[in-house]
Structures are given as C-alpha cells and as structure tokens.
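Trainee: here is the input, now give the coordinates:
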Amino acid sequence: MATTATAPVLAPARPKEQTGLWSWLATTDHKRIGILYLYTSLGFFLWGGIEAGIIRMQLARPNGTLVSAELYNQLFTMHGTNMVFLAIMPLSAAFFNFLIPLQIGARDVAFPRLNAFSYWVFLLGGIFITLPILFGVAPDGGWFGYTPLTTRQYSPGLNIDFWVLGLQILGVSTLAAGFNFITTIINMRAPGMNLMRMPLFTWNSFVVQFLVILAFPVITIALFFLQFDRFFGTNFYTPAAGGDPLLWQHLFWIFGHPEVYILILPAFGLISEVIPTFSRKPIFGYPVMVYATILIGFLGFGVWAHHMFAVGMGPVADSLFSLTTMLIAIPTGVKIFNWISTMWGGAIRFTVPMMFSIGLVAMFTIGGISGVSHASPPADLQQTDTYYIVAHFHYVLFGGSLMGLFAGIYFYFPKMYGRLMDERLGKWHFWLNFIGGNLTFFPMHFSGLLGMPRRIYQYDAGQGYENFNLASTIGYWFLFVSMLFFVYNFFRSRKSGTPVGNDPWGAGTLEWSIPSPPPEYNFAELPNVTSRYPLWDVKSPRLTAEVPHSQEGDEEVEVDVVGKDMGHPHPSTTDRSRIPLESVHRVEGETHRTAKELGIPMPSPTIKPLVTAVGLLIMVSGMLFIHRDSKALFYTLVLGGAALLVGSLYAWLTTPLEEEH
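Mentor: Numbering: from 1, shown residues only. Okay, here's the model as predicted:
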C-alpha cells in the first residue's frame, strides 16, 4: 500500500511570531487556533474535574450532606456536559486544527476565518452554558436532557433554557469546523498525498467530520423541538397533547452514539501515530485500519437504540440493535489487535506518549468488553441506569479518549512549542492517572451490579455500596494529584523544557519535517509526497523495507490486501545519491524569513469572526427573556445581536482574505 518518498521540502526556521492580545484575538492561523482550543478545553476539563470531585465527596459515605439535591442535579448535569461538549470534543479539535494541514502538506485550512469563528463560538457558548452554576441556575436535567422532565411543566426555571440554547450555540461551532476540515482534507492535500498515504490521525479525523455533519443536525432538531415546547407552547414531547417523549430519546441517541465515536476516534488516530514511532515499525495493516475506521463510522449510526432496551420496543427491534451492537465490536477489535501487532517485535521505547497509548489499549479494552455486555437486552435491562453503565462509559471516554489525548499532548508538545515536556513528571502523571482511573471507575461495576442507581445524591447504609464508593472517591484524589503534575509540567516546559529540532522522536510523517514550532506558512514550498512515511524513507529506509513502494507518484499505489505486490521494490538503502539525508536537518543560523519575504500569501488577521460570534451569542441570549417581564430586553438583545451578526458577517465576507504581497 505504501510508496517511496522524495524528501519533503523543508521550511526555513520560524520567524519571530506576533505577540500581544490583539494578535490572538484576530488570528486566523490554524496552529494558533489549535493552541487556543487546547488551553480552553483543558480549562473546561479542569472545571469538570472539580465538579466530579464534589460528586465523589458527596457519595463517599452514606447519606452525604455536602451538597443539596438541587445542586447535585446541576453538578452531574454540568459534569457530563462539560466533559463531552467542552473538554474531550474541543481537545480533539485542538489536534484537528494544529495537525491536519501539517500532515497533508497544506499551508492552512480551507476557510481560515470560518475556523476562527468556530473557535470563538465554542468559547462563548462554553461560557454561556458553564457560568450559570455560579448563580445556582445551571442545567439540571442530565447531559441527556430526557423529556418530559426537561419541558417547562417540570423544569420551569432558566436552568434547562441555558442548556438548550448553549448546546445549539456549540453545535454551530462544531458544524462549521466539520465542513471546514472535510473541505481541507479533500482539496488541500499536497501533490502526491493521496488518501491511502494520509496519516491515520488524519484518516480518523476525516471520518469524525462526517459523523459530525450527519449527527449534529439530529440533536439540533431535537433541541429545536424542545425549545419550541418550552418557549412557544408546542407539544412535540407532551403525551397529554399527543406528543411522544420517546421521540426525544430516539433523536438524542441517533446523535448520542455516533457522538461516542466522535469522542474516541481522534484518540485512536493519535495513538496510531505514537505506537509506530516508538515501536520503530510501520503501523500493522494500514489499509485494514482505514477500513475499520470507516466501518466504525458507518455502524455507529445503527446502534443507538441499545440505549433504549428498557423502553419496550419489542423483540424485533431489540434483536436488530443487539446484533449491530455486537457487530461494531469487530472493527474496534481489529484496531486493538493491529496496535498490539505493531508493538510486537518492535524496538519499543517507553516514553510518556507510548505509556499513555498502551494505557488506552488496556483501559479501552476493559470498557469495550463491558460494552459488549450491553448488547444483550435482558442483561441491559438490569444494568441500565445503574453505576455499571457509569463504569463502562468512563472506561471508554476516560480510559480511551483522554488517555489518547494525553498521549497526543506529550507527543506533539515539542512540535507546538519547540521543547520537550519533562519525562519524569510525565511518568508520575501517567501512573497516578492510570492507578487513579482504575481505582475510581472499576469499583463502579460492582456497585452497579448490586443495583446502585445513577444520579442519586444519597444512599442508605447497609446496601453494600459504601466501600465501592469510598474506593472511587480515593481514586478521584489520585486523578486530582496526577492533574497537578500535568499542569505544572505543561506550563513549566513551555519555557524551560529541553529545546528540540524538527523531529525529536524519530517519527516518519510529514509534520516532523518542518521546524518546531512551525512557521505561519508551514511549508516554504509544498512537498511532493510519494510515501506514507516520507521521513523514514529518507532517514531510516530499513524501517519501511518490507512495505511495497511505488515510484510512479499517484500511479500504482494500491496493492492487493492479501499480499499480492502491485508496487515496486523499496529504493536501495545504500543508494545515498537518491536519499538526500542532509535535507531533513536544519542549518543553524539560517536567515529567518517571513511569509511576505518568501512571497507566500497568507490570510490576514481579522477581528470580524470574533465580532460575528459575539453577535450570535447576544442574539441567542435574548431568548432567555422571552417569558420574562422584561420583553424590551428580549427584543433589544435579539434584534441587536442579529444586527451585529449580520453586519459583521457582511464585513467579513466583503473583506479580501489575503493582503497583496
């Protein structure tokens, strides 16, 4: 499947970057936007972790009194909402933004201003939905928002209004990013970067964007129905008026299960870059990994009703969704076996990114095994709405998504900042995180099997839950301390970490061929890619000696999956005239040159995407006052926000993207 490489053209060393608050507010640089996503999502992650800590302390002992039932409802609702929509998804978006153009040999994303708009909408939407907890009016109906409990009859306050409107704001951000990255990957790959040469992180990201644009309209429809029920008196979910609360569940889980793969596939992509690098082997079964990713995306839309086995759908529907739930374990299992096969016989280096990657394989396997047990409707009837489900979900998203994202942060930190994170502190972070994660979530399997319900804020003594809940609370404090190590290491290493060059890990993909951190234009000249592992073909050709290569560029790339070689032999490892090793090393003292000096047109910084996002937030915020006495405030905010949105969008669309060079 692979091809041979011409050495990628390397960019000059990075010029002095723009500084100051304005440069960040007006940036359209995909790398800076990725870093903004990184900081913001880590902030929301820490906030969600504090909420989890309060929950765990409340449940550490029977009949806890730390918080009231009302505040507890707000805490578990916002913990789930924070972690799903404001932490894990945007952490993945940080890597989408930073890495995808670098991995495909592009200078930027397809729509740089839309990219900036997506970030600012995410930030403002996150603040909109998070701040109400400080005033006691945070969403309190669960991150799943089941009706009719979230209709105005049962939740008359502002709490659910913040949730409904906030998720719609965040949906605008996510959809804008999804269309942007699909367009980028399809249209902006460097010459020769065909689909079967793309790094696996980009492949996983590509599938995720299709999941986003297909799944998020469904939750948008569900939220619109709920908004109309709450604000305008319609009855989509009101049984007494002919509505159906199960309509919400179907719509929510048609979105909600693909959402699980939106959260996990980026982490799979990241460790698919880390494991080959630190095993010193190409990924085992690259084409099968690609097909498995596509199959996960396809099957992810066919399993939603296994969340609804308890609603009485009948034996035919139960059997169908039971079957699809078992089937989706196959491509996931393929990935796990291929990662293990990549490590098997490799020269493994147990760096921090590799340790987190192995941790993902171990913990996600546990979560996957418990997930398969939900495929049986009789078993699921006993497990649903118990802590067994909480354990499964956290093994998938904490043990899977977050482990992979931490692996990505440690792996790509030197590319972002030109410095390494401290390995000793990183290993403390890993072991405390790994031990704490298992100590927190594994006991929940047993408390759930004993019948402990989800979403209760107190339980009586003598039911067998006490020791399991105490163990989970102790595990939380391991996680808390591990995050202190991570935060200290992260910010300390930005300034005092060991400086590195282009490729500190000995990786094989295109992003490691340019300086660390990259210049604003990424590549001084767009590379001509003829290899899946261009750097290894140049620097360590023996690593890809067993992989079929093509010397025809885009021609004859495909090979028969069962082993029939349709390519050409690997270039001789002794023919140094064809492998210019010196081209992958930077020359010290090289002149720093800007994009303007090189004649490379780049998008101009502009504040207009931020102003447009502010207009959207003001307009949506006005809906909070539609049923209040202050109608004047409702009209002022809605009409004023709409005017600002339309005016700034018009200015944005009529301003040239690039300055003349």
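
Trainee: mind listing what's buried in stretch 428-447?
Mentor: Neighbour counts over stretch 428-447 (16 or more other CB atoms under 10 Å) mark 428-430, 432-434, 436-447 as buried. Bear in mind the C-beta positions are built from the backbone N, C-alpha and C, glycine included.

Trainee: check the offset of that stretch from the chain's centre.
Mentor: 22 Å (CA atoms, centre = their mean, to the nearest Å).

Trainee: show residues contacting that stretch.
Mentor: Residues from elsewhere that reach stretch 428-447 (CB atoms under 8 Å, 6 or more residues apart in numbering): 56, 352, 355-356, 359, 363, 366, 370, 386-388, 390-392, 394-395, 398-399, 403, 406, 464-465, 467-469, 471-472, 474-483, 485-486, 489.

Trainee: need the buried ones from those selected in ChimeraX.
Mentor: In ChimeraX, selecting the buried portion of the contacts of stretch 428-447, with burial taken from 16+ other CB under 10 Å, looks like this:
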select :56,352,355,356,359,363,366,370,386,387,388,390,391,392,394,395,398,399,403,406,465,468,469,471,472,475,476,477,478,479,480,482,483,485,486,489
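
Trainee: in helices, which of the buried residues of stretch 428-447 appear?
Mentor: 428-430, 432-434, 436-447 (DSSP state H).

Trainee: what mean pLDDT does stretch 604-619 get?
Mentor: In this model, stretch 604-619 has an average pLDDT of 96.

Trainee: actually stretch 316-324, not the one I wrote
Mentor: 92.

Trainee: with stretch 217-225 instead?
Mentor: 96.

Trainee: the domain parsing of this protein - what is it?
Mentor: Following the assignment in automatic domain parsing, the chain carries domains at 21-504, 608-661.

Trainee: pull the contacting residues for the nearest residue to residue 605 once chain neighbours are set aside.
Mentor: Closest residue to residue 605 apart from its sequence neighbours, by CB to CB, 6 or more residues apart in numbering: residue 26 at 3.9 Å. Taking CB under 8 Å, 6+ apart as the criterion, residue 26 is in contact with 605-607, 610.

Trainee: cool, and residue 164?
Mentor: For residue 164, the contact set (CB under 8 Å, 6+ apart) comprises 145, 150, 223, 226-227, 230.

Trainee: and residue 341, by the same measure?
Mentor: 284-285.

Trainee: try it again with 10 Å
Mentor: By CB atoms under 10 Å, 6 or more residues apart in numbering, the contact list for residue 341 reads 279, 281, 283-285.

Trainee: biggest helix in the protein by residues?
Mentor: Max-length helix for the chain by DSSP H is helix 245-279.

Trainee: that helix: which residues count as buried?
Mentor: 245-246, 248-279.

Trainee: now for that helix, which elements pack on it?
Mentor: helix 89-104, helix 159-187, helix 200-232, helix 286-299, helix 329-343, helix 352-372, helix 387-396, helix 403-417 (3 or more CB pairs under 10 Å, 6 or more residues apart in numbering; DSSP states H and E).

Trainee: pull the lowest-mean-pLDDT helix or strand in the chain out as PDB, backbone CA atoms only.
Mentor: Least confident helix or strand, the chain: helix 595-598 with a mean of 80, by mean pLDDT, DSSP states H and E. What follows is helix 595-598, C-alpha atoms only, in PDB (Å, rounded to 0.1, in the frame of the first residue of the first chain):
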ATOM      1  CA  ALA A 595       5.800  34.700   4.600                       C
ATOM      2  CA  LYS A 596       5.800  38.100   3.000                       C
ATOM      3  CA  GLU A 597       9.600  37.900   2.300                       C
ATOM      4  CA  LEU A 598       9.000  34.500   0.700                       C
END
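
Trainee: phi, psi for residue 463 please.
Mentor: When read as degrees, to the nearest 10, the backbone of residue 463 gives phi -100, psi 0.

Trainee: now do the contacts for it.
Mentor: So, once contact is read as CB under 10 Å, 6+ apart, residue 463 ends up touching 62, 447, 450-452.

Trainee: now residue 601, nearest residue through space, not along the chain?
Mentor: Nearest one to residue 601, counting by CB to CB, 6+ apart, is residue 658 at 4.4 Å.

Trainee: repeat for residue 166
Mentor: residue 129 (3.1 Å).

Trainee: now do the host helix or strand of the one you found against helix 89-104, angle only.
Mentor: For residue 129, the element it lies in under DSSP states H and E is helix 112-130. If you take axes from the mean of the first three to the mean of the last three CA atoms, to 10 degrees, helix 112-130 sits at 160 degrees to helix 89-104.

Trainee: what mean pLDDT does helix 112-130 have?
Mentor: 97.

Trainee: can you give me how far it is from the chain middle?
Mentor: 15 Å.

Trainee: quick one: list the elements packing against whatever helix or strand comes next after the least confident helix or strand of the chain.
Mentor: Remark: after helix 595-598, the chain's next helix or strand is helix 608-621, criterion DSSP H and E. Here helix 608-621 touches helix 21-25, helix 112-130, helix 159-187, helix 631-653, going by 3+ CB pairs under 10 Å, 6+ apart.

Trainee: again, only using 7 Å
Mentor: Where contact means 3 or more CB pairs under 7 Å, 6 or more residues apart in numbering; DSSP states H and E, helix 608-621 is packed against helix 112-130, helix 159-187, helix 631-653.

Trainee: buried deepest among those helices, which one?
Mentor: helix 112-130 (a mean of 24; mean count of other CB atoms under 10 Å).

Trainee: now the angle between helix 631-653 and that one, please.
Mentor: 160 degrees.

Trainee: show me what helix 112-130 is in contact with.
Mentor: 27-28, 30, 33, 36-37, 40, 44, 47, 78, 81-82, 86, 90, 97, 109, 162-163, 166, 169-170, 172-173, 176-177, 180, 603, 606, 609-610, 612-614, 616-617, 652 (CB atoms under 7 Å, 6 or more residues apart in numbering).

Trainee: thinking again about what came up before, would you turn the contacts of residue 463 into TSV with pLDDT, secondary structure and distance to residue 120?
Mentor: Output for the contacts of residue 463, formatted as TSV (pLDDT from 0 to 100; DSSP: H, G, I helix; E, B strand; the rest coil; distance: CB to CB, whole Å):
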residue	pLDDT	secondary structure	distance to residue 120
62	95	coil	46
447	95	helix	42
450	94	coil	47
451	93	coil	46
452	95	coil	41
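
Trainee: and these, which two are the farthest apart?
Mentor: 62 and 451 (14.7 Å; CB to CB).

Trainee: return the residues in contact with the residue lying closest to residue 145 once chain neighbours are set aside.
Mentor: Nearest non-adjacent residue to residue 145, counting by CB to CB, 6+ apart: residue 163, 6.4 Å away. The contact partners of residue 163, taken as CB under 7 Å, 6+ apart, are 129, 139, 141, 145.

Trainee: top of those by neighbour count?
Mentor: residue 139 (28 neighbours; other CB atoms under 10 Å).

Trainee: how close does the nearest residue to that one once chain neighbours are set aside sit to residue 345?
Mentor: Nearest in space to residue 139, with sequence neighbours left out and distances taken as CB to CB, 6+ apart, is residue 163 at 3.5 Å. Distance from residue 163 to residue 345, counting by CB to CB, to the nearest Å: 50 Å.

Trainee: cool, residue 219 as well?
Mentor: On the measure of CB to CB, residue 219 and residue 345 end up 44 Å apart.

Trainee: and if you look at residue 109?
Mentor: For residue 109, the distance to residue 345 - CB to CB - is 38 Å.

Trainee: what do you get for residue 96?
Mentor: 32 Å.

Trainee: okay, those two: which has more neighbours?
Mentor: In this view residue 96 and residue 345 are compared by other CB under 10 Å, and residue 96 has more residues nearby, 30 against 10.

Trainee: lovely, talk soon.
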